[in-house]
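In: A structural model of the following input is requested.
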Amino acid sequence: MAARIDHLTTSGTFTLDGGTWEVDNNVWIVGDDTEAIVVDAAHDAAAIERALAGRRVVAIVCTHAHNDHIDAAPALADATGAPILLHPDDRPLWELTHPDRAPDGELSDGQTITVAGTELTVVHTPGHAPGAVCLHAPALGTVFTGDTLFAGGPGATGRSFSDFPTIIDSIRDRLLTLPPETVVRTGHGESTTIGAEAPHLQEWIDRGH
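Out: Okay, here's the model as predicted:
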């Protein structure tokens, strides 16, 4: 059976720089009836575990370490035995939420994670966070972008550990070079495509200055 993509939305809060906001997060599960990976274990480990329906979890992949994307990761790891994987540049952010629990492994640019016979390639896309990554699955025609690229533009860069020119470079050089029909599955909100977003790069640059 080929890998499929399951999706659930979980709700909670995002906290950084002394502020807290209510947020809805996309949690993506990629796999078949036997095994899966979880992209961003947000808010509700029990709901994610129910969606997994007993499948073996190959890995819990963190697109970045803002608390709303990782708050349920340790509980889900404990429940499933799966390793938590994070790019090392985001360890300072991770430790704001989980000071007593380190990730189990590191993500690196170009690394591949295989689940249900399908390869996902790690693409390091700093800017929203130093260790932000996307996961490109060519066989599924999709890229999981976390908070790097949304329908309508880049992720936010107004808070600590973020940088607008860096996220623009990441999107231009690492994401907009993907095939235009590639579906962009984001950390919040609706999906889009590379082709729908690519024409607006200059608008984003102008808006960000």
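In: Contact partners for V38?
Out: Applying C-beta atoms under 8 Å, 6 or more residues apart in numbering, we find V38 in contact with V27, W28, I29, I48, L52, V57, A59, I60, V61, L76, A82. C-beta: built from backbone N, CA, C; applies to glycine.
In: cool, and H7?
Out: By C-beta under 8 Å, 6+ apart, the contact list for H7 reads N26, V27, W28, I29, R185.
In: so which helix or strand takes in it?
Out: In this assignment (DSSP states H and E), H7 forms part of strand 4-16.
In: how far is that strand from where the chain is centred?
Out: 10 Å (C-alpha atoms, centre = their mean, to the nearest Å).
In: Sheet-wise, list the partners of it with their directions.
Out: Sheet pairing of strand 4-16 (DSSP bridges) gives strand 19-31 (antiparallel).
In: any chance you could map the helices in this protein?
Out: For the chain, the helices defined by DSSP state H cover 45-52, 67-70, 73-80, 91-97, 164-170, 194-197, 201-208.
In: who touches the nearest residue to A151 once chain neighbours are set aside in this structure?
Out: Closest residue to A151 apart from its sequence neighbours, by C-beta to C-beta, 6 or more residues apart in numbering: T192 at 3.8 Å. T192 is in contact with F150, A151, G152, V183, V184, T186, counting by C-beta under 8 Å, 6+ apart.
In: Low-confidence bits of the chain, can you list those?
Out: For the chain, applying pLDDT under 70 flags the ranges 1, 209.
In: So in terms of bridging, what pairs with the closest residue to A51 other than its chain neighbours?
Out: In this structure, A51 finds its nearest non-sequential neighbour in L8, 5.2 Å apart by C-beta to C-beta, 6+ apart. Beta bridges link L8 to V27, judged by DSSP bridges.
In: Next, count neighbours for L8.
Out: By other C-beta atoms under 10 Å, the residues close to L8 number 15.
In: so how far is D44 from it?
Out: Computed as C-beta to C-beta, to the nearest Å, the L8 to D44 distance reads 9 Å.
In: same deal with N26?
Out: Here the criterion is C-beta to C-beta. By it, N26 lies 13 Å from D44.
In: check contacts around H64.
Out: When contacts are counted by C-beta under 8 Å, 6+ apart, H64 touches H87, D90, L93, H128, A129, G131, A132, V133, G146, D147.
In: from those, which single one is nearest F14?
Out: Nearest to F14 among the contacts of H64: D147, at 9.8 Å, using C-beta to C-beta.
In: And the closest residue to that closest one other than its chain neighbours, how far from P180?
Out: Among residues not flanking D147 along the chain, G155 sits closest, at 3.8 Å (C-beta to C-beta, 6+ apart). Distance of G155 to P180, given as C-beta to C-beta: 21 Å.
In: Looking at these two, which is more packed in?
Out: Legend: neighbour count by other C-beta under 10 Å for G155 and P180, higher for G155 (25 against 12).
In: Quick check: phi and psi at the more buried one.
Out: Main-chain dihedrals, G155, degrees, to the nearest 10: phi -70, psi 170.
In: Touching stretch 45-56 from outside, list them.
Out: Counting by C-beta under 8 Å, 6+ apart, 6, 8, 10, 27, 29, 31-36, 38, 41, 72, 75-76, 79-80 sit against stretch 45-56.
In: Buried only: go through the residues you listed for me.
Out: T10, V27, I29, G31, E35, A36, V38, A41, A72, L76, T80 (16 or more other C-beta atoms under 10 Å).
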